[in-house]
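J.: Provide a 3D model corresponding to the input given below.
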Amino acid sequence: MLLRDVLQDDRRQSPLAGKVLQSAEIVALPVAVLCEFVWVLRQGYKMTASEVAIAIRSLIDSWNVVTNRQAVDAGLEFLDNGGDFADGAIAFEGECMGAEEFVSFDAKAVRLMKAQGKRARLLV
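T.: Just a heads-up that it's a prediction; the model follows:
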């Protein structure tokens, strides 16, 4: 539904998705849904990181959207700095659960974590 509303790429489904989202009392957006949303927009629709960030910010600023705003902001910070939204959101949630170090095979993700003053280790 989110993709149909944001992309407006289906004559029948897009208006229906928009109507449902606008009329809902609460639109619950789990971080995992936003990670998938970003992946589809970046990989499937080849949108730039900037375009995706604008779409996410537009969604989460809607009056009826509820999400883990801090995790989403962490994901957006990663995305804005050339990283992957999911890495930033996952690292934030991991830290909230007590993780002391971010460990990844992704050198860019580790570099971005360290730039934020967080403990991070690259597995090679």
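
J.: residue contacts, residue 118?
T.: Counting by Cβ atoms under 8 Å, 6 or more residues apart in numbering, residue 118 makes contact with 91, 95, 102. From N, CA and C alone the C-beta is placed, and that goes for glycine too.

J.: quick check, pLDDT for it.
T.: Residue 118 is assigned 94 on the pLDDT scale.

J.: on that earlier part again, nearest to residue 78 among the contacts of residue 118?
T.: Checking those against residue 78 with Cβ to Cβ, the nearest one is residue 91 at 7.9 Å.

J.: so who does the closest one touch?
T.: Contacts of residue 91 by Cβ under 8 Å, 6+ apart are 74, 78, 102, 109, 113, 118.

J.: again with residue 94
T.: residue 102.

J.: just the contacts of residue 91: which are in helices?
T.: Assigned to helices by DSSP state H, the following of these qualify: 74, 78, 109, 113.

J.: if I look at the third one, how far off is residue 95?
T.: To tie it back to what came earlier, the one meant is residue 109. Remark: distance between residue 109 and residue 95 (Cβ to Cβ, to the nearest Å) = 14 Å.

J.: how near is residue 7 to residue 73?
T.: In terms of Cβ to Cβ, residue 7 sits 24 Å off from residue 73.

J.: before we move on, the earlier item: of residue 109 and residue 95, which one has the most company?
T.: Higher neighbour count among residue 109 and residue 95: residue 109, with 22 against 17, using other Cβ atoms under 10 Å.

J.: find the nearest non-adjacent residue to that one, please.
T.: Nearest non-adjacent residue to residue 109, counting by Cβ to Cβ, 6 or more residues apart in numbering: residue 87, 4.2 Å away.
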